[in-house]
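Undergrad: sequence and predicted structure below; questions after.
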Amino acid sequence: NAGVMQNPRHLVRRRGQEARLRCSPMKGHSHVYWYRQLPEEGLKFMVYLQKENIIDESGMPKERFSAEFPKEGPSILRIQQVVRGDSAAYFCASSPGVNRDEQYFGPGTRLTVT
Amino acid sequence: AQRVTQPEKLLSVFKGAPVELKCNYSYSGSPELFWYVQYSRQRLQLLLRHISRESIKGFTADLNKGETSFHLKKPFAQEEDSAMYYCALRAGANNLFFGTGTRLTVIP
């Protein structure tokens, strides 16, 4: 089991462009979580998804950010019209789906907006 | 609202010395607390959770509801313990609330 995979590991975008971050959960996991870590801060919850459903998006900015976890393929966090303040490390975690179980983290994607 | 506070950004101890990483939380309900660790060039991983009440790599943490604390302790620090440590709280749903982390350096 390769663990949670994220790609790309590093992404550079100019202001106004779109950023797409991908997360492949561990095999057998149907729950995915996205967290953002700004410089000098802890990880902040953004969104919690199950296959084809958004369960909790209370931590996601209302504009420009969206997330999906389709029936087939990875979960995608999409940031439209990126701004400098979006520069951060974005971490994905997955869990098997049993309530309140352990989350396994990916290596993160570091987004830099120039 | 939920909050996790780790007051120390940096902590240095000598090898063999006791270490304590502080974590305080704020939550009105019944919390579930965790410690996560990130070693150099590795991904974040779970170290221990309060409901397990177990010792992992010599570390223990006791949930003190009166003081709303979940400090991480180890009696004798080892060089391989040098890492970034995050305290986290799960409140209600599955998402976690993290502290800002403490970077532990064990001096040989």
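TA: Sure thing, it's come through.

Undergrad: how far away is the residue positioned nearest the centre of chain A from chain B?
TA: Nearest residue to the geometric centre of chain A (CA atoms, centre = their mean): residue A:34, 3.7 Å. When distance is defined by CB to the nearest CB, to the nearest Å, residue A:34 is 10 Å away from chain B. For glycine as for every other residue, the C-beta is placed from the backbone atoms N, C-alpha and C.

Undergrad: what's the answer for residue A:16, then?
TA: For residue A:16, the distance to chain B under the criterion CB to the nearest CB works out to 30 Å.

Undergrad: OK, contacts around that residue?
TA: Taking CB atoms under 8 Å, 6 or more residues apart in numbering or on different chains as the criterion, residue A:16 is in contact with A:81-82.

Undergrad: likewise for residue A:90?
TA: Contact partners of residue A:90, counting by CB under 8 Å, 6+ apart, are A:6, A:21, A:34-37, A:77, A:108-111.

Undergrad: next one, pLDDT for the closest residue to it other than its chain neighbours please.
TA: Using CB to CB, 6 or more residues apart in numbering or on different chains and skipping the chain neighbours, the partner closest in space to residue A:90 is residue A:109 (4.9 Å). On pLDDT, residue A:109 comes in at 97.

Undergrad: ok, now the one 4 residues further on?
TA: The predicted local distance difference test score for residue A:113 is 97.

Undergrad: which strand residues bridge it?
TA: residue A:13 (DSSP bridges).

Undergrad: now for the residue nearest to residue A:90: which residues touch it?
TA: A:6-11, A:21, A:89-90.

Undergrad: now residue 31. Nearest residue, chain neighbours left out?
TA: With no chain named, the answer covers chain A. Per CB to CB, 6+ apart, closest to residue A:31 is residue A:95, 4.5 Å.

Undergrad: meant chain B actually
TA: Leaving aside its sequence neighbours, residue B:31 sits nearest to residue B:89 (CB to CB, 6+ apart; 5.3 Å).

Undergrad: send the alpha carbons of the helix or strand that contains that neighbour over as CSV?
TA: Following DSSP states H and E, one finds residue B:89 within strand B:83-90. Backbone C-alpha positions of strand B:83-90 (Å, rounded to 0.1, in the frame of the first residue of the first chain) are rendered in CSV as follows:
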residue,chain,number,x,y,z
ALA,B,83,10.9,16.3,14.8
MET,B,84,7.9,18.6,14.5
TYR,B,85,5.1,17.7,16.9
TYR,B,86,1.5,18.7,16.4
CYS,B,87,-1.3,18.4,18.9
ALA,B,88,-4.8,17.9,17.4
LEU,B,89,-8.4,17.9,18.5
ARG,B,90,-11.3,16.1,16.9
